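Asks: Sequence and computational prediction follow.
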Amino acid sequence: IGVIREEMIKAGYLVSTVATPFDKTGKPDTAALSASLRQSVDLAILVFDNPTIERCIAKSGVRFVLVGDRPSRAKTCVGSVIYRRDAAAREFAPLLRKQGIRTLMEVGCGGFADAKDPIESVGIGYLNWVIPSRKDKRRPEAAEIAAMEAFSARLSKGRSWMPDVLYFSDDFTASGAIKALMAAGVRIPEDVRVISWSNLG
């Protein structure tokens with residue numbers, strides 16, 4: 001979001017950011033967004049697709065760009081920027097193979113399998129672990145806490161399940177998991193290597 005903001009300002013746009021909080025059930029509160037969209041807005045950029053927030057913007061009539069995992073079908077959407085996590089995996093898969101990596105486990109808070117095809121295409125074993133976010137916590141902390149608890153529970157039963165590489169498709173899931181790994185005395189990268197998507201900061 002910071003990069004998009006900086007680039008838009010450099011291009012001469014006046015940019016304001018509206019954060020959309022989520023309640024305990026995971027539903028977004030669009031009140032502040034709705035109020036902002038009633039101002040003189042030429043373009044909205046929705047970062048991380050969410051159907052409720054997308055409908056709110058589309059209903060306002062303001063043209064928008066969606067940055068997320070899928071294109072938008074809304075009439076007022078003038079473009080979509082799609083995350084291609086599989087493209088990143090295609091770049092690092094051959095490097096892992098050269099380093100003798102045998103197994104990779106992709107871990108995320110959603111049904112991601114972005115690394116599966118690129119990893120298997122170079123002969124590395126692929127595993128997938130989906131850790132659902134906690135429903136009683138606010139996002140994104142919900143993903144971090146859920147990962148910390150899930151990793152702590154699994155590590156308490158031993159380490160035989162651990163792959164050579166843990167690939168996280170969500171930075172908050174990675175943060176929680178790394179805390180649990182460190183608490184259990186697992187060394188990174190000596191015991192397990194870690195790759196994280198979207199890990200700026």
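Replies: Great, that's in hand.
Asks: What pLDDT is listed against the residue nearest to the spatial centre of the chain?
Replies: By Cα atoms, centre = their mean, the chain has its centre lying nearest to Asp170, at 3.6 Å. pLDDT, Asp170: 79.
Asks: quick one, phi psi at it?
Replies: Note on Asp170: backbone dihedrals following degrees, to the nearest 10 are phi -150, psi 130.
Asks: Could you double-check that it lies in contact with Trp129?
Replies: No. If you go by Cβ atoms under 8 Å, Asp170 and Trp129 don't touch, sitting 11.9 Å apart. C-betas here are computed from N, CA, C, even on glycine.
Asks: and Ser152, how many residues sit next to it?
Replies: 16 (other Cβ atoms under 10 Å).
Asks: Assign it to helix, strand or coil.
Replies: helix (DSSP: H, G, I helix; E, B strand; the rest coil).
Asks: Repeat that for Ile195.
Replies: Going by three-state DSSP: Ile195 is strand.
Asks: on that earlier part again, give me the common contacts of Asp170 and Trp129.
Replies: Residues touching both Asp170 and Trp129 (Cβ atoms under 8 Å, 6 or more residues apart in numbering): Gly108.
Asks: hmm, back to that, please report how far the residue nearest to the centre of the chain lies from Lys179.
Replies: Note on Asp170: its distance to Lys179, by Cβ to Cβ, to the nearest Å, is 14 Å.
Asks: re the thing from before, enumerate every residue touching the residue nearest to the centre of the chain.
Replies: Contacts of Asp170 by Cβ under 8 Å, 6+ apart are 108-110, 112, 143, 197-198.
Asks: let's go with 6 Å and repeat that
Replies: Counting by Cβ atoms under 6 Å, 6 or more residues apart in numbering, Asp170 touches 108-109, 143.
Asks: These into JSON lines, with extra columns for distance to Arg70, pLDDT and neighbour count?
Replies: Shown next, in JSON lines, are the contacts of Asp170 (distance: Cβ to Cβ, whole Å; pLDDT from 0 to 100; neighbours: other Cβ atoms under 10 Å):
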{"residue": "Gly108", "distance to Arg70": "16", "pLDDT": "86", "neighbour count": "22"}
{"residue": "Cys109", "distance to Arg70": "17", "pLDDT": "79", "neighbour count": "23"}
{"residue": "Ala143", "distance to Arg70": "20", "pLDDT": "85", "neighbour count": "25"}
